[in-house]
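In: fold the following and give me the result.
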Amino acid sequence: MSGLFEKDAPRPLADRLRPRTLDEVVGQTHLLGPNGPIGRMVAQRRLASMILWGPPGCGKTTIARLLAEATDLAFEPLSAVFSGVADLRKVFDRARQRRQDGRGTLLFVDEVHRFNKAQQDGFLPYVEDGTVVLIGATTENPSFELNAALLSRCQVMVLHRLDEAALKELLERAEQESGRTLPLNEDARSALLAMADGDGRYLLNLAEELFQVPESAEPLDPRGLTDVIHRRAPVYDKSGEEHYNLISALHKSLRGSDSDAALYWLARMLVGGEDPHYIARRLLRFAIEDVGLAEPQAVTQALAAWQTYERLGSPEGDLALAQLVVFLGTAPKSNAAYLAHKRSLRAAKATGSLMPPKHILNAPTGMMKELGYGKGYAYDHDAPDGFSGQDYFPEDMTRETFYQPVARGFEREIAKRLEYWDKLRRQRSKQEG
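Out: So this is what the prediction gives:
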């Protein structure tokens with residue numbers, strides 16, 4: 001009796017528009033189309049275990065349910081947030097019974113990354129022997145969050161955030177379902193799509209709220225739209241993959257001398273709530289690693305921007321980070337010192353414990369003088385040009401060139417200096433010979 005009037009109960013718009021077939025799913029043709037990996041499986045009625053990895057609202061749960069229907073598998077949904085080992089045991093028991101009756105089971109686990117290692121390991125025997133076809137859904141990078149053993153038994157399918165065309169199609173379906181157009185002008189409609197940020201479910205929730213505006217009202221402009229609905233914060237997990245994706249985007253935009261793109265990624269991180277101290281630390285690292293001695297002021301500017309932020313805080317201090325981003329983006333770039341450090345580390349590991357040459361060792365005792373410590377050392381300040389040209393590498397090691405400056409920025413001047421010293425070194429080596 002409890003379900004007698006259930007069909008007459010109001011249902012959310014997103015639920016009413018839930019696709020009934022895989023063809024109705026928007027934005028995932030690369031997976032579900034005839035040439036997509038899931039589309040081919042469905043055509044052959046052969047479904048492999050898989051992980052659906054994608055942002056919120058892109059259709060992971062819907063796809064799993066429709067796959068069960070398309071392949072005549074019993075659909076067993078679980079949420080890793082609310083389920084435990086006992087729930088899994090019940091599912092596996094039911095799946096074993098169905099298998100004896102000749103029917104398979106599709107086990108759908110939402111937010112599968114929230115299961116711990118032991119729980120993930122618990123899937124393995126049932127996946128391997130075919131008791132269940134596992135479809136896990138996650139918004140997190142499976143490489144980081146799922147066990148290697150589980151990943152080796154599942155195909156990872158990457159779902160896309162819904163693009164503008166897919167979101168527009170969802171709005172058109174919403175308007176057909178509701179029997180009216182959204183009370184928006186063109187600019188507000190574009191703003192609504194931007195607010196959705198690729199999340200179809202969120203877009204339909206916004207549309208449902210807008211359908212409450214009286215039909216007789218004037219179409220809303222972007223400002224009127226924000227008065228009716230609240231803009232949500234962009235998807236940004238400071239401890240998840242998005243955190244690393246955006247800092248990587250900032251770093252690589254700076255390396256590519258694209259200050260405008262770098263400013264955009266900086267803004268995305270600040271708007272998402274990233275710790276500005278973390279950003280400042282990464283910008284200081286960039287100044288050392290990627291600008292280097294091509295612009296020696298880079299490190300000074302990075303430290304000054306960090307200190308400025310610490311004194312001002314947000315939002316005033318954010319400008320110091322933005323100014324630093326512009327400085328680093330427009331600075332000449334060189335990783336020569338970074339590469340020199342790597343080469344010298346390899347040489348140090350390869351040569352072991354070689355002693356410095358005796359002529360550069362101090363001789364505070366008579367015995368050390370007798371052993372030749374300090375003998376023949378040339379004091380560079382007394383040499384012509386302030387450069388003796390002596391060899392400071394170990395006696396049993398061939399001289400190596402670790403630092404190779406680029407012909408950009410201040411390193412052009414450094415290169416000239418090194419070339420001059422090499423010339424003097426060769427000349428004095430011949431004289432001594």
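
In: which residue ranges make up the domains of this protein?
Out: 28-158, 164-228, 241-330, 349-432 (automatic domain parsing).

In: list phi and psi for Glu164.
Out: Dihedral pair for Glu164: phi -60, psi -40, per degrees, to the nearest 10.

In: give me the local confidence score for it.
Out: On pLDDT, Glu164 comes in at 90.

In: check Ala340 too.
Out: Per the predicted model, pLDDT is 94 at Ala340.

In: next one: Ala233
Out: 54.

In: just Trp421 next, same as before
Out: Reported pLDDT for Trp421: 91.

In: any idea how far it lies from Arg201?
Out: Separation of Trp421 from Arg201 (C-beta to C-beta, to the nearest Å) stands at 66 Å. The C-beta positions use only the backbone N, C-alpha and C, and glycine is treated the same way.

In: before we move on, what about Ala165?
Out: In terms of C-beta to C-beta, Ala165 sits 17 Å off from Arg201.

In: Leu150 now?
Out: For Leu150, the distance to Arg201 equals 27 Å [C-beta to C-beta].

In: how far does stretch 92-110 sit from its chain's centre?
Out: 36 Å (C-alpha atoms, centre = their mean, to the nearest Å).

In: same check on stretch 419-433?
Out: Counting by C-alpha atoms, centre = their mean, stretch 419-433 comes out at 50 Å from the chain centroid.

In: pull the CA atoms of that stretch into CSV?
Out: Output of stretch 419-433 as CSV, limited to C-alpha atoms (Å, rounded to 0.1, in the frame of the first residue of the first chain):
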residue,chain,number,x,y,z
GLU,A,419,84.0,31.3,-22.4
TYR,A,420,86.6,33.9,-21.4
TRP,A,421,87.7,31.8,-18.4
ASP,A,422,87.9,28.7,-20.5
LYS,A,423,90.2,30.5,-22.9
LEU,A,424,92.4,31.6,-20.0
ARG,A,425,92.4,28.1,-18.5
ARG,A,426,93.6,26.6,-21.8
GLN,A,427,96.3,29.3,-22.2
ARG,A,428,97.7,28.8,-18.7
SER,A,429,97.5,25.0,-19.0
LYS,A,430,99.8,25.3,-22.1
GLN,A,431,102.2,27.6,-20.3
GLU,A,432,102.5,25.1,-17.4
GLY,A,433,102.9,22.3,-19.9
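
In: contacts for it?
Out: For stretch 419-433, the surrounding residues in contact (C-beta atoms under 8 Å, 6 or more residues apart in numbering) are 385, 387-389.

In: could you dump the residues you listed to a markdown table with secondary structure?
Out: Shown next, in a markdown table, are the contacts of stretch 419-433 (DSSP: H, G, I helix; E, B strand; the rest coil):
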| residue | secondary structure |
| --- | --- |
| Asp385 | helix |
| Phe387 | coil |
| Ser388 | coil |
| Gly389 | coil |
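
In: just the buried residues from the residues you listed, in ChimeraX please.
Out: ChimeraX command restricting the contacts of stretch 419-433 to the buried ones, with burial defined by 16 or more other C-beta atoms under 10 Å:
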select :388,389
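
In: closest to Phe327 among the contacts of stretch 419-433?
Out: Phe387 (33.9 Å; C-beta to C-beta).

In: so the closest one makes contact with Asp380?
Out: Yes. Assessed by C-beta atoms under 8 Å, Phe387 is found in contact with Asp380 at 6.1 Å.

In: OK, contacts around the residue sitting nearest the centre point of the chain?
Out: Nearest residue to the geometric centre of the chain (C-alpha atoms, centre = their mean): Asn245, 2.1 Å. Asn245 makes no contacts at all, as judged by C-beta under 8 Å, 6+ apart.

In: now name the helix or strand holding it.
Out: helix 241-255 (DSSP states H and E).

In: in that helix, what's buried?
Out: 242-243, 246-247, 249-251, 253-255.

In: check the offset of it from the chain's centre.
Out: 7 Å.

In: ditto for stretch 370-377
Out: 56 Å.

In: and that stretch, what's buried?
Out: Under 16+ other C-beta under 10 Å, the buried positions of stretch 370-377 are 373, 377.

In: same thing with stretch 50-60?
Out: Quick answer for stretch 50-60 (16+ other C-beta under 10 Å): 50-55, 57-60.

In: excluding sequence neighbours, find me the nearest residue to Gly27.
Out: Nearest residue to Gly27 in three dimensions, chain neighbours excluded: Ala166, at 3.5 Å (C-beta to C-beta, 6 or more residues apart in numbering).

In: how far away is that neighbour from Ala196?
Out: From Ala166 to Ala196 the distance is 10 Å (C-beta to C-beta).

In: for Pro56, give me phi and psi.
Out: Main-chain dihedrals, Pro56, degrees, to the nearest 10: phi -60, psi 150.

In: chain neighbours aside, what residue packs nearest to it?
Out: Closest residue in space to Pro56, ignoring its immediate chain neighbours: Asp199 at 5.3 Å, by C-beta to C-beta, 6+ apart.

In: and the one you found, how many neighbours?
Out: 20 (other C-beta atoms under 10 Å).

In: hmm, back to that, and the next element down the chain from the helix holding Asn245?
Out: Helix 241-255 is succeeded, C-terminally, by helix 259-271 (DSSP H and E).

In: that following helix: which residues count as buried?
Out: Within helix 259-271, the residues that count as buried by 16+ other C-beta under 10 Å are 259, 261-263, 265-266, 268-270.

In: sorry, back to before: higher neighbour count, Trp421 and Arg201?
Out: Ranked by neighbour count (other C-beta under 10 Å), Trp421 and Arg201 place Arg201 first, with 22 against 13.

In: hang on, that one packs against Pro56?
Out: Yes. With contact defined as C-beta under 8 Å, Arg201 counts as touching Pro56 (7.2 Å).

In: could you measure from Arg223 over to Glu164?
Out: From Arg223 across to Glu164, the span is 22 Å (C-beta to C-beta).
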